[in-house]
Structure formats: structure tokens, C-alpha cells
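Asks: Fold the following.
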Amino acid sequence: MVTTISFVAGKGSLSHNNRTFIAENVIEERIELDEFYKQESLEDAYDKMFRQAIDEYNAKQTRKDRKIDNYITKIKNSKNNEKIFYENVVQIGRMTDFGVVDENGNVTENALLAKEILDIYAKTFQERNPNLYLFNAVLHMDEATPHLHLDYIPVAHNYKTGMKTRNSLTKGLQQMGIEKATSKIDNETVHWQERERDYLKGLCEERGIEIVTLGVDRDDYTIPEYKAAMKAKEEAEAEIEILKSEKAELNQFIQMANYEAHGLAVGIDDKEEKLKDIEKRIKEAEKLRIDNEKRIQDFADDDKKISNELAKINKEAIGVPNLFGNEPMIKISKKSFDKLIKICKSVSSFKQLFYRKEAELALANKQIVKLQEGENALKERNSALERFIKEKGFAEAFRKFLEPKSIREYIREYKAKQAANNREKKEETSRKHNIER
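Replies: Model (predicted):
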């Protein structure tokens with residue numbers, strides 16, 4: 001069995017992950033198959049990881065404005081591009097080969113096998129990564145493909161100034177023995193992901209699943225650019241599947257707003273911002289997939305390297321007499337013979353995987369079309385909702401409810417109204433006197 005693995009950054013929607021909000025793309029009957037390994041609140045996790053360091057830091061401060069009241073808020077306001085927490089979505093295969101159910105609605109053997117592997121991966125994550133505090137971890141079997149959502153806080157120790165323990169992904173990974181960055185695209189996060197991929201790949205291979213990325217697994221014929229293109233394409237396809245779920249969640253939220261418009265005026269603005277972000281990410285993922293599809297096709301058509309190897313072997317071959325028949329025979333070295341066998345195997349495997357990838361790309365194209373149709377429908381519903389709120393005056397009523405006027409404001413308005421009335425009366429009296437004269 002040959003497939004791929006996906007290891008991409010998630011959006012970090014804890015309500016979606018923990019099923020406190022159930023979107024339409026979630027099959028409720030299969031929620032019982034899900035695994036909820038850990039569900040700790042973000043506040044409790046931060047308190048556990050950083051409370052002692054915060055208290056020690058604050059005890060040394062003589063100025064109140066230098067003390068840390070809320071570390072989460074401090075990180076939110078930081079200009080160091082730090083995140084409060086990170087999420088990775090881990091998936092084995094695609095719905096074409098590791099879908100949760102078959103055409104009859106029965107859970108597939110491949111899905112159960114994927115669940116077994118992901119279960120081990122999740123349960124051993126904290127032991128492998130002591131500087132990534134796992135506060136929320138779930139395994140979903142109620143969507144198209146089995147996958148994990150792992151939410152963690154990076155923790156780094158032994159700072160000489162400021163807080164001794166802090167939120168820092170780079171230093172946290174380094175303290176776990178991850179190799180330092182050599183460039184922006186070859187950084188600690190990339191090195192750590194490669195280590196995690198290798199671990200997951202080992203679990204798969206122990207259970208008879210071969211994890212293949214085109215251009216990677218045949219060392220003698222690896223093309224570095226091809227490897228990068230395939231990795232980027234797979235991540236883009238995986239991200240599109242993840243975004244589908246988040247899009248469905250937002251879509252359902254705005255549908256609910258049609259029935260509860262007066263209580264959701266503020267929430268809609270927040271969801272619209274998230275929707276814009278998802279639309280942007282979908283466009284980026286689609287562009288990345290198209291770009292890498294083209295590069296993959298270019299590599300598939302380019303057999304120059306293999307042709308050169310075959311030319312060398314042909315040049316080395318020496319004709320020898322055949323003592324057992326009329327068929328001509330040649331002699332080549334054992335090394336060249338092994339290389340020739342490897343080329344044959346590589347070409348055969350390449351063709352199989354290439355055809356499978358073509359099928360997956362066709363499916364991805366259909367999914368993107370559906371997403372785009374859903375976006376258009378969502379925009380139309382959202383526009384209708386905004387018109388409804390505006391026409392009914394809900395937004396203004398909700399604002400008045402949230403910000404009621406004080407007694408003094410009412411008195412000022414009353415006095416102003418009375419003064420205006422008095423001016424009108426004086427002007428009317430003055431006009432009458434002028435007419436009488």
C-alpha cells in the first residue's frame with residue numbers, strides 16, 4: 001500500500017476541534033469514533049507553564065508598569081511575531097485512499113489503520129517534544145479523512161534576563177536538539193517537521209504502508225527541486241481539505257445569524273474577517289497547487305538523467321560469444337547491472353504514482369470549484385443579512401443596548417430640545433408682531 005502523509009499548520013479553532021460547535025460537514029453519528037486526548041483551557045495551560053516565572057519576574061520589578069498582569073495579552077500585543085499557541089493537522093493519505101467510509105457508509109479498514117497509527121503518534125507527542133506543551137489534542141473520524149489536531153504552546157527555559165521561562169518556538173525547538181536555522185526557508189520549524197514526518201513514516205512502514213513522495217525515495221535519481229515541488233503541492237492540497245471544514249463552520253455560523261441577527265451584530269464582523277482570511281488562503285493554496293502541478297509535469301517529461309545513465313551503461317557494455325544459442329550477449333559490471341535494475345523499478349513506480357497524482361489533482365480541482373461556489377453563496381447570504389440588519393435597525397438598537405445613555409446625557413438632550421422649542425416659539429411670536437404692524 002502506497003500513500004502520502006500531510007503535516008500542515010492548522011487554524012487553531014478549538015471550538016471546531018473539540019466539537020463544541022458542530023459544522024455541517026461533520027457527521028454527528030461518527031463523533032463517537034473520535035478520540036479526545038486532552039482538552040485543557042489555554043488560560044490553565046499558561047498558568048501551569050509560566051506562573052512561577054511570571055511571579056519571580058514581577059517580584060523583582062519596582063515599577064508597576066513593568067509587571068506582567070496577563071502573559072497571553074502581552075504576547076498578543078508583542079511585535080515579535082509570537083503566537084499564543086500553534087496547531088498542526090496530521091493526516092495519513094487522502095479521502096481517495098484512506099477515506100473514513102466506503103460507498104456503503106461502512107468504516108474502511110484503511111481508516112481504522114490510520115486511526116491506530118495517529119493514536120500512537122498523538123500519545124507519544126509530548127514525550128518526543130518536551131518543550132511543546134500539548135494542551136489540546138483530538139483525532140477526528142467524523143469528517144472525510146482521519147486526522148489529528150494538535151495544539152501546543154512552545155516553552156523555552158533558562159533566559160538570563162526577563163522571565164526565565166517564556167513562549168518561544170525557535171529556542172524551544174533548539175533546546176529539544178533541533179538543528180539551528182541556516183536560512184529563512186531552512187529553519188528550526190522545517191527541521192522539526194522533518195523529524196516528526198520521519199517518526200510518522202516509521203509507524204506507517206511498520207504496518208505495511210509505504211510513504212512515498214515522488215522524486216524523494218530513489219536516492220540515485222532524486223531531483224531536489226522536484227522534491228520541494230511535491231512537498232509544497234501536497235501541503236497545499238491538505239490545507240484545502242482543512243479549509244473546507246473551517247469554511248463550513250463559518251458558513252453555518254452566518255446561516256444561524258439570519259435567525260438571531262439582533263444578537264450577532266458584533267460576532268458577524270469577526271467572522272467576516274476570518275472569512276476573508278480563509279478566502280485569501282484558498283487562493284494561495286490554489287495558486288501553489290497549480291504552480292507545482294506545472295513543475296511536476298515538467299519533471300515527469302524530463303528523462304534526461306535516466307537517459308544519461310543508460311548511455312553510460314551502453315557504452316560500458318562489451319559483446320561476448322554466446323555458447324548456448326544464437327542470441328547476442330553483452331557483459332556489464334555488477335554496479336551497472338544493479339543501477340539498471342533500479343532504473344526499471346523507479347520508472348515503473350514513478351508511472352503508477354504519477355497516474356495516481358493526476359487523479360488526485362482532478363479531484364482537487366472539483367473541490368476547489370465547490371469551494372468557490374460556496375464562497376459566492378456565502379457572500380450573497382452575508383450581504384442579505386447586512387441589509388436585513390440595516391433595514392430593521394438592529395445594529396443601532398444593539399449599540400444602544402451595549403452603550404446606554406447616562407441620566408446626565410438624557411438631561412442635556414432634554415434641555416437642548418426645550419431650548420430649540422423656545423427659540424421656535426420666540427421666532428413665531430416675532431413673526432406675528434411684524435404682521436400686526
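
Asks: Quick one: the strands in the stretch 1-150 of the chain, in order.
Replies: Remark: strands assigned in the stretch 1-150 of the chain by DSSP state E, counting those that start in this stretch are 2-3, 5-9, 35-39, 86-92, 132-140, 147-154.

Asks: CSV for these, including mean neighbour count and mean pLDDT?
Replies: In this view, the C-beta of every residue, glycine as well, is placed from N, C-alpha and C. As requested, the strands of the stretch 1-150 of the chain are exported to CSV (neighbours: other C-beta atoms under 10 Å; pLDDT from 0 to 100):
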stretch, mean neighbour count, mean pLDDT
strand 2-3, 16, 87
strand 5-9, 19, 84
strand 35-39, 15, 93
strand 86-92, 22, 92
strand 132-140, 21, 95
strand 147-154, 25, 95
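
Asks: In the helix or strand harbouring residue 200, which residues are buried?
Replies: Assigned by DSSP states H and E, residue 200 belongs to helix 188-206. By neighbour count with 16 or more other C-beta atoms under 10 Å, helix 188-206 contains the buried residues 188, 191-192, 195-197, 200-201, 203-204.

Asks: neighbouring contacts of stretch 79-89?
Replies: 6-12, 42, 72, 75-76, 132, 135, 147-154, 167-169, 238, 242 (C-beta atoms under 8 Å, 6 or more residues apart in numbering).

Asks: mind running it again at 7 Å?
Replies: With contact meaning C-beta atoms under 7 Å, 6 or more residues apart in numbering, stretch 79-89 is reached by 7-12, 42, 72, 75-76, 147-154, 167, 169, 242.

Asks: Likewise for stretch 196-206?
Replies: In contact with stretch 196-206 (C-beta under 7 Å, 6+ apart) are residues 5, 7, 90, 92, 117, 120-121, 128, 211.

Asks: Around residue 104, how many other residues sit close by?
Replies: Each residue near residue 104 was counted by other C-beta atoms under 10 Å, and the total is 5.

Asks: Could I get the phi/psi values of it?
Replies: phi -100, psi 0 (degrees, to the nearest 10).

Asks: those helices in the chain, which residues are they?
Replies: Using DSSP state H, the helices of the chain run over 14-17, 42-59, 71-76, 95-98, 109-128, 169-175, 188-206, 224-257, 265-301, 304-316, 334-392, 394-402, 407-436.

Asks: Mean pLDDT lowest where, among those?
Replies: Least confident of the helices of the chain, judged by mean pLDDT, is helix 394-402 with a mean of 58.

Asks: right, and residue 156 touches residue 176 too?
Replies: No: between residue 156 and residue 176 there is no contact under C-beta atoms under 7 Å: 9.9 Å.

Asks: Settle it for me: which of those two has more neighbours?
Replies: Legend: neighbour count by other C-beta under 10 Å for residue 156 and residue 176, higher for residue 156 (20 against 17).

Asks: What does the pLDDT read for that one?
Replies: pLDDT, residue 156: 96.

Asks: Ends of stretch 5-19, what's the gap?
Replies: Stretch 5-19 has its terminal residues 24 Å apart, counting by C-alpha to C-alpha, to the nearest Å.

Asks: Which one, of the strands of the stretch 1-150 of the chain, ends up nearest to residue 314?
Replies: Judged by C-beta to C-beta, the one of those that comes nearest to residue 314 is strand 2-3, at 31.1 Å.

Asks: Now do the shared contacts for residue 156 and residue 176.
Replies: Joint contacts of residue 156 and residue 176 (C-beta under 7 Å, 6+ apart) are residue 131.

Asks: For residue 412, which residues are in contact?
Replies: Counted by C-beta under 7 Å, 6+ apart, residue 412 has zero contacts.

Asks: same check, this time on residue 17
Replies: Counting by C-beta under 7 Å, 6+ apart, residue 17 has contacts 136, 138, 149.

Asks: can you count the residues close to residue 311?
Replies: Using other C-beta under 10 Å, residue 311 has 10 other residues around it.

Asks: Repeat that for residue 174.
Replies: With neighbours defined by other C-beta under 10 Å, the count for residue 174 comes to 18.

Asks: I'd say it and residue 191 touch.
Replies: No: judged on C-beta under 7 Å, residue 174 makes no contact with residue 191 at a distance of 9.8 Å.

Asks: Adding distance to residue 378, write the strands of the stretch 1-150 of the chain out as JSON lines.
Replies: Formatted as JSON lines, the strands of the stretch 1-150 of the chain follow (distance: least, C-beta to C-beta, whole Å):
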{"stretch": "strand 2-3", "distance to residue 378": "32"}
{"stretch": "strand 5-9", "distance to residue 378": "23"}
{"stretch": "strand 35-39", "distance to residue 378": "29"}
{"stretch": "strand 86-92", "distance to residue 378": "22"}
{"stretch": "strand 132-140", "distance to residue 378": "23"}
{"stretch": "strand 147-154", "distance to residue 378": "23"}
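
Asks: Mind listing the residues bridging to residue 8?
Replies: residue 89 (DSSP bridges).

Asks: For it, give its distance to residue 183.
Replies: 21 Å (C-beta to C-beta, to the nearest Å).

Asks: and what of residue 90?
Replies: With the distance defined as C-beta to C-beta, residue 90 ends up 25 Å from residue 183.

Asks: Using the record's assignment, carve the chain into domains.
Replies: 1-211, 405-436 (automatic domain parsing).

Asks: among these, which is nearest residue 375?
Replies: Relative to residue 375, the nearest member of those by C-beta to C-beta is domain 1-211, separated by 14.9 Å.

Asks: list the contacts for residue 139?
Replies: Contacts for residue 139 (C-beta under 7 Å, 6+ apart) come out as 34-35, 115, 118-119, 122, 146, 148.

Asks: which of these tops the neighbour count?
Replies: Within the contacts of residue 139, residue 146 tops the neighbour count with 32 neighbours, counted by other C-beta under 10 Å.
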